[in-house]
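Student: Sequence first, then the predicted structure, then my questions.
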Amino acid sequence: MSRHPVVALHSLFFDGSMFDDIAVLTGRAIIAPDHRGQGARSAEAPGDVDALADDVCALVQDLEEPVHLVGSSMGAYVAMVAAARLGDRVRTCTLSAATADAERRPEVFAALVAQLRDPGPAARVDLLAQTMFGSAFLETDGDRCRHWRERFARLEPSVADAAELVFERRDLWDDVRMISAPLRLLAGGLDRAKSPADMQRISDEVGCPPPLVLSRSGHTPFVEQPREVAEALASFWATHEE
């Protein structure tokens, strides 16, 4: 059986390491690049979804075979654009915790951007954690939760620039309709930022299966329920590998 490479695109405020548990649980080597302006590339100017999709397309074109493309939240927006452009270079596409709409609550996220600039992420760790995770994950206060709270506290105020570009993204429905690869949708049942209904609308529009709703997850199921996500992805990928 041919196992296609996996390219996974991280959420805002995270980096590629958010997929480490998925790599271990699926037994797959996952290519998880950091976006411009975040993670190991935090010194670079951030890009909007189209510029970041350029980066992903270049990466995929350099590989020798089609990929399983995965995107979480911000990464899902980038994946929508990249998958539309790449055509059959994408074997499957998984989108989590996103919407194809332009931001419908810009005032809420504009306020978050302002707080990231001043007083800065370290003073708003609780707000970031409550945005990115559901109550079940936060209440456990386990090692993964503490790890990411500590990572949020170390973010630079410049992450506000990346956040602003995400929140100002364009409508992505045309891109979603152009994706030719089989789609798998994931959603967190406790998500405060995007709802399972947002993912269901994508399913209704393009005719792919309804989203898998992770009942104990908020906005980041890859971190909150990695075992369940890994099982779903491993099965999905295997179905589409010869």
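Tutor: Nice, thanks for sending it over.
Student: do you know how far Arg91 is from Val67?
Tutor: Separation of Arg91 from Val67 (C-beta to C-beta, to the nearest Å): 6 Å. Using the backbone N, CA and C atoms, a C-beta is placed for each residue, glycine as well.
Student: Name the helix or strand for Cys93, please.
Tutor: strand 90-96 (DSSP states H and E).
Student: can you list contacts of that strand?
Tutor: 4, 60, 66-73, 76, 79-80, 82-83, 179-187, 199, 202, 221-222, 233, 236-237, 240-241 (C-beta atoms under 8 Å, 6 or more residues apart in numbering).
Student: which of those count as buried?
Tutor: Buried by 16 or more other C-beta atoms under 10 Å: 4, 60, 66-73, 76, 79-80, 82-83, 179, 181-187, 199, 202, 221-222, 233, 236-237, out of those.
Student: Which of those fall within strands?
Tutor: The strands, defined by DSSP state E, take in Val67, His68, Leu69, Val70, Gly71, Ser72, Leu183, Arg184, Leu185, Leu186, Ala187 from those.
Student: tell me the pLDDT at Ser2?
Tutor: We have a pLDDT of 76 for Ser2.
Student: Low-confidence regions, this structure specifically.
Tutor: Scanning the chain for pLDDT under 70 picks out 1, 242.
Student: Show me where it has its strands.
Tutor: Counting by DSSP E, the strands of the chain are 6-9, 30-31, 67-72, 90-96, 183-188, 212-214.
Student: Redo those as CSV? Include distance to Val56.
Tutor: Below are these laid out as CSV (distance: least, C-beta to C-beta, whole Å):
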stretch, distance to Val56
strand 6-9, 7
strand 30-31, 10
strand 67-72, 8
strand 90-96, 10
strand 183-188, 17
strand 212-214, 23
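Student: These: which one's closest to Gly16?
Tutor: strand 6-9 (7.1 Å; C-beta to C-beta).
Student: So which elements touch that closest one?
Tutor: Counting contacts by 3 or more C-beta pairs under 8 Å, 6 or more residues apart in numbering; DSSP states H and E, strand 6-9 is packed against strand 30-31, helix 49-62, strand 67-72, helix 74-86.
Student: and the second one with strand 67-72, angle?
Tutor: Just to be clear, that refers to helix 49-62. Orientation check (axes from the mean of the first three to the mean of the last three C-alpha atoms, to 10 degrees): helix 49-62 against strand 67-72 gives 150 degrees.
Student: which other residues reach helix 49-62?
Tutor: 7, 9, 31, 33, 35-36, 47, 67, 69, 77-82, 85-86, 89-90, 165-166, 169-170, 172.
Student: hmm, back to that, find the residues that touch each one of Arg91 and Val67.
Tutor: Contacts common to Arg91 and Val67, judged by C-beta under 8 Å, 6+ apart, are His4.
Student: Make TSV out of the ones in strands among the buried ones among the contacts of strand 90-96 and add distance to Gln115.
Tutor: TSV is the format used below for these (distance: C-beta to C-beta, whole Å):
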residue	distance to Gln115
Val67	36
His68	36
Leu69	32
Val70	29
Gly71	25
Ser72	22
Leu183	34
Arg184	34
Leu185	30
Leu186	28
Ala187	26
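Student: Alright, calling it a day.
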